[in-house]
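Trainee: Attaching a predicted model along with its sequence, questions to come.
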Amino acid sequence: MSTQATARRTVVRDEQSVLAPLERARGSLRNVAIARAFLLFVAVSAIAWVLVTIVTFLMSRSSEAGFTAPGPLLLLALIPALAVAAASLSRELPRLTRERVALWVEEHNPLDFALVTAADSRAGAAERLGPRLTGIPWNDLLRQAARRRLFRPAVAALLGVAAAFLVPVALTSIVTVSIAGVAGTSAMVEPVRPTSGPLAGIRATVTPPAYSGVAASTLNDPASIAALVGSRLVVGGRLSTELDVSALLGDRTLPVAMDGGSWTTRITMPNAPALVKLGAGDAERMVLLLPQPDSVPVVVLSAAVADTVLREPRGMIQLEANARDDLGLASARWEWIVTTGGGEQFQARSGTLGDVQLRGARTAELRNSLDVSSLSVIPGDVIHVRATATDRNNIGGPGVGTSETRTIRIARPDEYDSLTIEGVAPPPADSALLSQRMILLRTERLVARMARMQRQAVVDSSRSLADDQATLRRRVGRLVYQKLGEDEDAEHSHFPGDGHDHGEEQRLDPADILARADAATGSGVPEVLDFEGDETPVVAINRPLLEAYNHMWDAGRALEIADPEGAVPPMRLALEAIQRAREAERYYMRGRPPRVVVDIAAARQEGKSTGTGSLRVPLGADDPGAAARVARLERAAILAMRNPAAAADSLIVLQLEVMSHGDLAAALGEASNLIRAGESAGTAMARARRLASPGGVRRSPLSAWRGW
Amino acid sequence: MRSLADSAQRGGRRVRGAIELALRSLAVLAVLALLVLEFMDSDSAQRSIATAEGAESALPAIAAAVRDPRVHDVHLELATAPDASTRDLIRAVRRSGVGVTWNAPLPPAGLLSVEPLASPGQSQRLTVASEVPLILADDAGILDSVPAGASVILGAHVSGSLRAWAASDSARALATAMVRDSLHVRRVLVLGMAGWESRFVTVALEEAGWNVDARLGVSPTATVAQGVIRPDTARHSAVVVLDSSAAPYSNAIADYARSGGGVILLPDALSLRALRSVAPGGRGGLMSAEDGMLASPEPRHGLPMVPIVGVRDDSFILEDRDGAAAVAIRRTGAGRVLQTGYQESWRWRLAGGEGAPVAHRAWWSSLVQSVAYAPSSGSAVSQPWTHADETPVAALLATIGPPDESAPLQEADTIESRGIFRWWLFGIAILALLAEWASRRFRGLA
Amino acid sequence: MSRFVFATAQYQSGNWDSAPLVPPNIIDTLAQYTSLDLAPVGAIVPLGSPSLLNFPFVFLTGHLPVRFTDQERSMLQRFVERGGFLFVDDHNHDIDGAFHKTAVEEIERAIGPLRNLPNNHRLYNCFFEFPDGPPTTGHELNGWGDNLVHEHLLATMHGDRIAVLYSNKDYSSEWNFHPRTKRFLSVDPTRFAVNVIVHALTR
């Protein structure tokens, strides 16, 4: 048994040694099959990934939902790849039996089926056929087999992988271009620098007029030049090629000096916006000239503070004013006009006073006294005084600034005016205005601090304010009665039960007071034209003060109960009423205009002649050029995507035409500058479009209705 | 043999008896089913499902569905997204008291719609169904921003197609739309006595870009005229009647409205009988202006107003003030008539706050837009744009709400199919009874 | 209908009330020749007050210098921009007079340049025919004031619309009489006022 077993083991060993190359070849072929399956897996998954990407891209284009690389869909691409790989393995591996590998070897290296026979374990001829199997070129056979089986899958896998990397990148770039092109935002998203040409990189030196005292400045590559009217501009640049440069200011040709490779042209800033067209060969460029007008001096009158009426044609009137100018003042003075006369005959004289030379000072104070008697005025005359100042503009000026005018009237002997004062001190209403404003400010401050204060402190402060308010109210009350021609202290004597009992102050009854006002001015019957509520002029003057008085009473009561918040609204109303009273006092009244009520019904169609019809001419749209402007702006925006320089020039031309629309012109200027600089102009363009077409997005004033 | 034949005969009779019993049972069951169906229909609210291919067939489909008086709920299944006419139809049917739900496949980019307005300027109604504010742009760049879920007027020219994206994500265009139609806007005729209202209404409309014909009476023999005065749909989109000086034209104005024109009536115009017959309502007592309101955010409160009373059932109140109808509108024949109770609107223009002239102009322009007869002059699209919406879905959603997807797209239980089913049941019952009767007759039974 | 109110501007610097009978006279004239809805009395409106904007037609006259305050200037600008019509008449009838020089300066500063209004302007034929332009006044023909017959009125335009109509012809004197006096006149001198107001109401 043991001998037989030993012999059997020997046969098996021999057989194994003879068939070992065959087994190794079989193993190698199995590896080739696995490698082939892997390569197929890679190739199919890459191709599927590419296909999924393309489909996603196409879907995103049709839906405009936006395109992104489809990451999660990679799993979908793996399914067919796994299937193909599995199919390949399941097809290849079962075939690699020893017999079939032997047959494959015999096919490429015929051995008269010796190997097949040796491989057949049932034949048991391995040992016997061993010598015949020694010459087989195993390595060559396996290399050929590997090359043949793996070459195409490897190429497919390589191509697939390359496509998988390249296609999404390509599609993303297509989408970027597409969005930019479609949305018209490429000029904003992907700024394009204008192509450089012979006229790129110009420089402009601006020398303002001498009177301005402003230093010269230089601008690099400007789309527009803003400077004072009369400024000297030197615009120039360098040329890399031999070209002649031409320059046009409007229709006028400007001389251009050529010096070697550089050129310059000199321009004086006109007083209206203009366009300079530069040309060199085929290249063109535009530069917008934006003249900055020299602002006129600002003159503010501080005294006399109000118009007034003088009882006598004499006395001194103190005059004070401040003048300022951005570039410097030349002179300042007071101007007066005296008007004499009455009825239909008036004469006027005029003159100046206190003329001073200011020699370029930016600010100046004018203080003078007007001697009324020196003007030879008589009762009934009217003096108008105002301050004026001139600047040093010797180009288009000088600019003249004026203050408000004060009117001083000399009372006629036959009129009595309770407002007559001398020396033009602030009238009582003015001082009341100042005081009320002060109390209001203090009250508002108290309201702001209330939350952080102790209650008792709030009460104390509020009562202190209430005292001040009461004092002011009594002053205004005295003013009212003074105007009514009564005793200044008569405030409390008008109301039953009020007389001497100071603890029972009451609001004034407007009806009663107005009746007294009429009585005081001798106008028992209101024979006047409608005067803002059918009142006499005197009542109109007094009514605001009466209102102020009553509002002050409300405010004081609120302060007494430590409710400063509740005191603020009546204080504001009081302030506003005093302001009205103050303005009302300034109207010149020569008497009470007669009140004539026309009997319309009686007069109707009683005329001696008959009129005829006529044709009306349409006034036209508010801004008839708006539609054309919008269309040009849109064209420029689209042009900016492919030719920024031309778009910048278009915007400059448009800017010139819309200089009267200040904001739009500024937005266009900004956009053209940004486009020329190669920067994003999206925001400026959007603003320009909104200004050019001011409808914008707005809510409809009415509910939507389509006529169901 | 005989016994065999007898037994066979007995067996045959039993079979026939069983068949006859089955036929009778079938007839009884069919009749019972009919009764049950009738009971169900009469007991529960009937919901009819109408199907339509498109706008043209929507009206007949709804009409067929609501013909049954028991139906007060219609579900409209549309093969395509409803257009403007269909959505108006749906809204109109709803106003008549019939509940209408709808379902249709909507295009994916339905967040934004833009439709031309009957205005002389470059205005569109823009409807946004987005829940976030959007930024709008067209081919020439950014236009403006628009609040979420708004129906607004875009008073700007749209170059090419309109796109919108969320402010927080500028990389993804959420929606696209483009103006599909352009309208042929005609002139506006203003009729009234010379006065501040007629003057400022005329000027406001002219400033807004409307071409205006006008007849302003000055005296019994003299008028200031501009253009052609007689109302005509071939020339006028709307007629504004300010007062009774339009008496010579009152019948013509009423005819003009019925034939498709738009008419705006101010309170004084209602003294004309012909105009009262087409007006949305009558005149109430004068409500005085509220002091200080002209410069407020509600400037029309600062105008005197004659409220519209007795508003007709077929009228729609566009604006009210303190519970009183201030502006109402109705369809008269083929045209529309708007009645405004506001008087002396010129005071708003002169004494209103900042921008009052522009607001006054926009107000009058919007009144005219509401009624203007402006036939479509064809597509405004010069080249096909594949990404634009076919239908103004956002406007649709804003007008009639979202689709009701709970109702199946293909449901057998339609009014028609249920009716056919009844006929089938009836036929089965009759046939079963006939067959049973015939069988019995052939057997010699009564 | 919105009622027409003849408003007179009240300004601080001068005698704004120099022609108090002009308003009733013109109202009477309007009633005689037109069927406009009219207020039977005129209104006086402070030029610097927001109530100016309640009166789209405002008449301004005087003899004395016109110096607008900042508030008056601002309100006048707003008035004109919003569609108001200001009719200014030089009661002095004197181009060298204080009113003319100061009023023109102030109007040009506040509103814009005053230019001659062509005598074929629609103002002159919108109701009554005035083929030779503005009708002359007795003061012109009698040689008072600047001793000139002014051929044209002046106007400041706001777009195509007259915003300010300025007269040196002294209509303030010509029209400043009680309406009842008119019945004794063979030719009504106030007819031109109808044209001014009809023009303001319709353009």
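Mentor: Perfect, I can see it now.
Trainee: rest of the way, CA atoms for contacts and neighbours
Mentor: Will do.
Trainee: Figure out the helix or strand that A:Gln318 lives in.
Mentor: For A:Gln318, the enclosing helix or strand under DSSP states H and E is strand A:316-342.
Trainee: Looking at stretch A:685-702 now, give me its mean pLDDT.
Mentor: For stretch A:685-702, the mean pLDDT works out to 76.
Trainee: Straight-line length of it, end to end?
Mentor: Taking C-alpha to C-alpha, to the nearest Å, stretch A:685-702 runs 31 Å from one end to the other.
Trainee: Would you mind listing the outside residues contacting it?
Mentor: Here stretch A:685-702 makes contact (C-alpha atoms under 8 Å, 6 or more residues apart in numbering or on different chains) with A:626-627, A:629-630, A:633, A:637, A:663-664, A:667-668, A:671, B:123, B:141-146, B:151-157, B:318-319, B:362-363, B:366-367.
Trainee: do the same with stretch A:82-95
Mentor: A:Arg30, A:Ala33, A:Ile34, A:Arg36, A:Ala37, A:Phe38, A:Leu40, A:Phe41, A:Val44.
Trainee: Pretty sure the last one sits in a strand.
Mentor: No: secondary structure of A:Val44, determined by DSSP: H, G, I helix; E, B strand; the rest coil: helix, with no strand assignment.
Trainee: got the residue ranges for the strands in chain C?
Mentor: With DSSP state E as the criterion, chain C has strands at C:7-10, C:43-46, C:57-62, C:85-90, C:115-116, C:154-158, C:161-167.
Trainee: and the longest one with strand C:154-158, angle?
Mentor: Okay, so that is strand C:161-167. Interaxial angle, strand C:161-167 versus strand C:154-158 (axes from the mean of the first three to the mean of the last three C-alpha atoms, to 10 degrees): 160 degrees.
Trainee: Generate a ChimeraX selection restricted to the buried entries among the contacts of stretch A:82-95.
Mentor: If you want just the buried ones from those in ChimeraX, going by 16 or more other C-alpha atoms under 10 Å in any protein chain shown, the selection is:
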select /A:30,33,34,36,37,38,40,41,44
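Trainee: The contacts of stretch A:82-95 into CSV, with extra columns for pLDDT?
Mentor: Formatted as CSV, the contacts of stretch A:82-95 follow (pLDDT from 0 to 100):
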residue, pLDDT
A:Arg30, 87
A:Ala33, 88
A:Ile34, 88
A:Arg36, 89
A:Ala37, 88
A:Phe38, 89
A:Leu40, 88
A:Phe41, 87
A:Val44, 86
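Trainee: Looking at the contacts of stretch A:82-95, which one is closest to chain B?
Mentor: Of all the contacts of stretch A:82-95, the one with the least separation from chain B (C-alpha to the nearest C-alpha) is A:Val44, at 31.5 Å.
Trainee: nearest residue to that closest one other than its sequence neighbours?
Mentor: Nearest residue to A:Val44, sequence neighbours excluded (C-alpha to C-alpha, 6 or more residues apart in numbering or on different chains): A:Ala81, at 4.9 Å.
Trainee: returning to that earlier point: between the strands of chain C, which gets nearest to chain B?
Mentor: Minimum separation from chain B across the strands of chain C (C-alpha to the nearest C-alpha) falls at strand C:57-62, 9.5 Å.
Trainee: Adjacent strands (with direction) for the closest one?
Mentor: strand C:7-10 (parallel), strand C:85-90 (parallel) (DSSP bridges).
Trainee: These into CSV, with extra columns for mean neighbour count?
Mentor: Converted to CSV, the strands paired with strand C:57-62 look like this (neighbours: other C-alpha atoms under 10 Å in any protein chain shown):
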stretch, mean neighbour count
strand C:7-10, 25
strand C:85-90, 25
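Trainee: Adding mean pLDDT, write the ones you listed out as JSON lines.
Mentor: Listed next are the strands paired with strand C:57-62 as JSON lines, based on pLDDT from 0 to 100:
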{"stretch": "strand C:7-10", "mean pLDDT": "94"}
{"stretch": "strand C:85-90", "mean pLDDT": "97"}
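Trainee: want to try JSON lines for those, with distance to B:Pro304 as columns?
Mentor: Formatted as JSON lines, these follow (distance: least, C-alpha to C-alpha, whole Å):
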{"stretch": "strand C:7-10", "distance to B:Pro304": "21"}
{"stretch": "strand C:85-90", "distance to B:Pro304": "23"}
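Trainee: mind checking the SS state of the residue nearest the centre of chain A?
Mentor: For chain A, A:Arg687 is the residue whose C-alpha lies nearest the centre (C-alpha atoms, centre = their mean; 6.8 Å). Following three-state DSSP, A:Arg687 is assigned to helix.
Trainee: In CSV, could you pull the C-alpha coordinates for the helix-or-strand element of chain C with minimal mean pLDDT?
Mentor: Lowest by mean pLDDT, DSSP states H and E among the helices and strands of chain C is helix C:138-141, with a mean of 81. Written as CSV, here are the backbone C-alpha positions of helix C:138-141 (Å, rounded to 0.1, in the frame of the first residue of the first chain):
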residue,chain,number,x,y,z
GLY,C,138,-54.5,153.7,-22.1
HIS,C,139,-51.3,154.4,-20.1
GLU,C,140,-49.2,153.4,-23.1
LEU,C,141,-51.1,155.6,-25.5
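Trainee: Contacts for it, please.
Mentor: Contacts of helix C:138-141 (C-alpha under 8 Å, 6+ apart): C:His93, C:Gly145, C:Asn147, C:Leu148, C:Val149, C:His150, C:Lys169, C:Asp170, C:Ser173, C:Glu174.
Trainee: any idea how far the residue of the stretch 301-446 of chain B found nearest chain A is from chain C?
Mentor: For the stretch 301-446 of chain B, the residue closest to chain A is B:Leu318, as judged by C-alpha to the nearest C-alpha, at 5.6 Å. When distance is defined by C-alpha to the nearest C-alpha, to the nearest Å, B:Leu318 is 23 Å away from chain C.
Trainee: Before I go, just wanted to say thanks for your time.
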